[in-house]
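Enquirer: structure for the following, please:
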Amino acid sequence: MNAVIKQMKQHRSIRKYADIDVSDELINKILEAGAFASSSGNMQSYSIIVTRQKELREKMLEAHFNQSMVMDAPVLITFCADFHRMRLWLAESNAPMNFDNLMSFMIGAIDAILVSQNVALAAESEGLGICYMGTTLASCDQIRNILGCPDHVVPVVGFSLGYAVESPEERKRLPMKALVHKEIYKDFDSTSIKEAYAEREKLGWDRYMAVPELKKMVEESDVENLAQVYTKLKYTRESHLDYSKVVYDTLLKSGFLNTV
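Expert: Below you'll find the model as predicted:
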């Protein structure tokens, strides 16, 4: 198998790490590789914040929903949409002060996500493990303050980084026919949508039932299937509305929602 494709298919989310530091040399190596990611207009409208200090990671722990890898991993890397740097350059160059709107945030967010995946692949190719944390965006206001981000800088995505002491089993993905549409979008009917999620439904439910604390959580609730686990326990409407408000308010405060 092609070595790059093989590496991509071996990805696992690592939540348990060895008490071994990651050298500056290695971190610089993977970050430099990441910087070759595609970027809108080659503006590279992102910043990468590498956090090692235990005190800072302790401050970020609650914002990351007390996930253990925040403290167990020796390094946290946070990728931010960043037009602050660009706007400083514009000011020095007597250029119009653009990039203070939602489209600009989206460009910066996409740039940040693209470079984060490049860094993740580079890290895994060097024998490191990572675990993406969706809490970076959900708590972007708190993380932004902790990391001292100025206006027009918003944390978008981040992950823990270190040497793994676990080898999680492969998590199956949806079948390609559920993900890929040829020429135009082909919508699903009742039969095809059930087929698309059939394996996920069984394996996901079995996984919950195999972990005592997860099984207890399910049994103490009113959920009957995996879809209800997702929407009644993990990703409730109320929580997503709360996170949406956090993101909206952060974009407003950071200067990314100008419309005139």
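Enquirer: got the residue ranges for the helices in the stretch 51-200 of the chain?
Expert: 54-61, 69-72, 84-92, 102-125, 135-138, 140-146, 176-179, 190-210 (DSSP state H, counting those that start in this stretch).
Enquirer: so the strand or helix carrying Leu31 versus helix 102-125, what angle?
Expert: Applying DSSP states H and E as the criterion places Leu31 in helix 24-34. With axes from the mean of the first three to the mean of the last three C-alpha atoms, to 10 degrees as the basis, helix 24-34 and helix 102-125 are set at 130 degrees to each other.
Enquirer: mean pLDDT, mean neighbour count and distance to Tyr17 for the helices of the stretch 51-200 of the chain - can I get that in CSV?
Expert: Heads up, the C-betas are built off the backbone N, CA and C, glycines and all. Output for the helices of the stretch 51-200 of the chain, formatted as CSV (pLDDT from 0 to 100; neighbours: other C-beta atoms under 10 Å; distance: least, C-beta to C-beta, whole Å):
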stretch, mean pLDDT, mean neighbour count, distance to Tyr17
helix 54-61, 97, 15, 12
helix 69-72, 97, 20, 5
helix 84-92, 98, 14, 31
helix 102-125, 98, 20, 12
helix 135-138, 98, 21, 17
helix 140-146, 98, 21, 20
helix 176-179, 96, 11, 31
helix 190-210, 95, 13, 22
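Enquirer: what's the closest of the ones you listed to Leu257?
Expert: With respect to Leu257, and counting by C-beta to C-beta, the nearest of these is helix 102-125 at 6.1 Å.
Enquirer: show me what the closest one is packed up against.
Expert: Using 3 or more C-beta pairs under 8 Å, 6 or more residues apart in numbering; DSSP states H and E as the contact test, the elements touching helix 102-125 are helix 3-9, helix 24-34, strand 46-51, strand 75-82, strand 129-133, strand 153-162.
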